[in-house]
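Q: next input, structure requested:
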Amino acid sequence: MITASQTALTGLQAFGTKLQANGNNIANANTDGFKKTQITNAAVVPSGVKTVTQKSATPGTSILQQTGTEMEQVELSNVDLATEIVDMSLNSTMYKANLKTIETANEMTGTLLHLKS
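A: I've put the predicted structure just below:
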């Protein structure tokens, strides 16, 4: 049971990090030149998850923008709001699932201790 709790705790941390990255990406979606943060999960032996954080190298869309009397090429953010919102929903669900795993492991431990006493 301790292993289940520890594994779920690393899952909570990983999906919490993913949710923070989603929020940051969404908040900066309209910032010119912003590069989105990508989080990937990697398995940890014997059990658990760790996160790997990196900035996306994919360029955003370039547009011509008037700056004073001149036209200038400006790179927009590379954040796709539709993808970020879907990912945020999925990451939120995975966060809740790991939280429920911890709650269930705690209940099982409590029941076991109650039976032993």
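
Q: contact partners for the residue nearest the centre of the chain?
A: By CA atoms, centre = their mean, the mean C-alpha position of the chain lies nearest to Lys18, the distance being 0.9 Å. Lys18 makes contacts with 39, 41, 51, 87, 91, as judged by CB atoms under 8 Å, 6 or more residues apart in numbering. C-betas here are computed from N, CA, C, even on glycine.

Q: and the last one, that's in a strand?
A: No - with DSSP: H, G, I helix; E, B strand; the rest coil as the criterion, Asn91 is located in helix rather than a strand.

Q: and it, how many neighbours does it have?
A: 20 (other CB atoms under 10 Å).

Q: number of residues surrounding Leu90?
A: 13.

Q: tell me where the protein has strands.
A: 37-43, 49-55, 62-67, 70-75 (DSSP state E).

Q: so for Thr109, which of those strands sits nearest?
A: The closest of those to Thr109 is strand 49-55. By CB to CB, the value is 21.9 Å.

Q: can you pull the pLDDT of Met1?
A: In the predicted model, Met1 carries a pLDDT score of 46.

Q: do Asn106 as well
A: On the pLDDT scale, Asn106 gets 88.

Q: that one contacts Ala4, correct?
A: No - Asn106 is beyond contact range of Ala4, at 10.0 Å (criterion: CB atoms under 8 Å).

Q: these two: who's more crowded?
A: Per other CB under 10 Å, whichever of Asn106 and Ala4 has more neighbours is Ala4, with 16 against 13.

Q: give me every residue that touches the more buried one.
A: Here Ala4 is in contact with 101, 105 (CB under 8 Å, 6+ apart).

Q: now the helix or strand bottoming out on mean pLDDT in the chain, how far from the centre of its chain.
A: Across the helices and strands of the chain, mean confidence by mean pLDDT, DSSP states H and E is lowest for strand 62-67: a mean of 89. Chain-centre distance of strand 62-67: 32 Å, with CA atoms, centre = their mean, to the nearest Å.
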